[in-house]
Structures are given as C-alpha cells and as structure tokens.
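Engineer: got a structure for you, letters missing:
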C-alpha cells in the first residue's frame, strides 16, 4: 500500500466522522470584561452612587453608601457561569458582604462576599428574610478567584480559588441581575453609623449563560451539514478509487 494514499484515506474518513457528529453547543450569551481600557463598559454595566471607577487594569470599588454599586443592565435566566477575581483592601462594618449579589426584581437572590469580621460569607435572601452562611477566613490585600455556577431554578455552587465553598438554593425562578460589590446593610451590627469606606479591585469578569435544555434533544442536520457530509463521501470514494488503482 502506498503510504501517502493510505494517509489520504484516513483523513477522508476523519472528515466523515466530523461531519456526521453532533454540532458543538454554543453559549446563548457571553460577556467578559478585563477592565483594561480605563472606561466602564456602559453597554453591559450601569453605575449608581459614587466610588466606581476603572483604572490600572481593574474595576475599583469604593463604597460607604448603599447606592455605591455597579450592576448589569440586563437580566439573565437559564444556566449561568460567572467568574471574576477580587481583592478586598478594606471593609467597613456597614458593608455586610463585599462581593457580588444575584438578585431579581423582588429582592430574592444570593450574595457572596467578604465581611468586616474577617470571614467569607454567602447569603440566601427573600424580600422578608436573609440566611447567612460562613465559609472561612480571608486576608485583605489578597486576590481571590470566584466562580458561581447554577441556574435560576435550582442549586448554585460557589467556588473560591477552585475549591467548592458554598452550595446554595437560589429559591426563585425570575430573571436576575448582577450587582457588584454585593450586600450593604446600613445601620446594622456592631459598627452602626460606621463612616469607614470599603474598597476593592475586580478583574477578569466572565459571564456565560446557556439556553434551557430542549425538550426533544434531536439534532436535524442543516443544508450546510449535508453538503459537508456529501463532500466528505466524495473525497473518500476518490481516495478508495486511487488506492485500488495503485494496488492493482
């Protein structure tokens, strides 16, 4: 057998396998922000209050008021995967959990963040109550990688530096918005009236949202897929014909 013709046959068969296989899935929505151009991306983010800026390659959050925040303009539903890096430099008592909040229009949702008491916390909230969960200690001035994975109808997993830290129930089905830097509770706890300012840096924000799973997961080849398959078959037939001539 001629080695070159055999290689051609193998390639043709490989093309057939690719054409006949299922199409790769795609995100329904993807967004990423490295905060590296010095201007907040107002196509995705809306700002409120003061102390929100972008410089030095990071999003800079300085908050001493509940209004000081940055939020997604759109709301999202379906399976989601959010990741970002955060470094907390200082935390005030009133800034209950400095991090991220996923919340719907009725104030149902979850928060994750860093507290003045030196702990990482997660919350589950409704319009009338909030439950708190402790996740361990942290150090100010240190970067942490956070990943939040889940969907609006079930379990949410919160990873910190690659380790699973919290498993939460979103407890809602409505679309949610994303708010940084998390939960603020003015006038509660031992630091009532605390005038100190929380400040942090955020980098490498990524959001991927998947569409709901189809009820009948059957793939129907498109015209372009049939064309690719036909081309692959023609290449394979030509390869086998050339191989027979060389062998004969």
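Structural biologist: Thanks, I have the structure now. Keep in mind the model is a prediction, meaning the values are calculated, not measured.
Engineer: between the two ends of stretch 137-156, how far is it?
Structural biologist: With C-alpha to C-alpha, to the nearest Å as the measure, stretch 137-156 spans 21 Å from end to end.
Engineer: and what of stretch 63-75?
Structural biologist: 23 Å.
Engineer: can you list the buried residues in it?
Structural biologist: 63, 64, 68, 69, 70, 71, 72 (16 or more other C-beta atoms under 10 Å). Just so you know, the C-beta spots here come from the backbone N, C-alpha and C atoms, and that holds for glycine as well.
Engineer: quick check: mean pLDDT across that stretch?
Structural biologist: The pLDDT scores in stretch 63-75 average 84.
Engineer: so what touches it?
Structural biologist: By C-beta atoms under 8 Å, 6 or more residues apart in numbering, the residues outside stretch 63-75 that reach it are 40, 43-52, 59, 61-62, 92, 94-95, 98, 104-105, 175-181, 184, 186, 195-199.
Engineer: show me which of those residues are buried.
Structural biologist: Buried among the contacts of stretch 63-75 (16+ other C-beta under 10 Å): 40, 44-45, 51-52, 59, 61-62, 92, 94-95, 98, 104, 176-181, 184, 197-199.
Engineer: hey, what's residue 59 bridged with?
Structural biologist: residue 54, residue 202 (DSSP bridges).
Engineer: I figured it hits residue 199, correct?
Structural biologist: No. Counting by C-beta atoms under 8 Å, residue 59 does not reach residue 199; the two are 11.4 Å apart.
Engineer: returning to that earlier point: can you flag which of the buried residues of stretch 63-75 belong to strands?
Structural biologist: 63, 69, 70, 71, 72 (DSSP state E).
Engineer: for those residues, which one is nearest residue 131?
Structural biologist: residue 69 (21.9 Å; C-beta to C-beta).
Engineer: fine, thanks again, bye for now.
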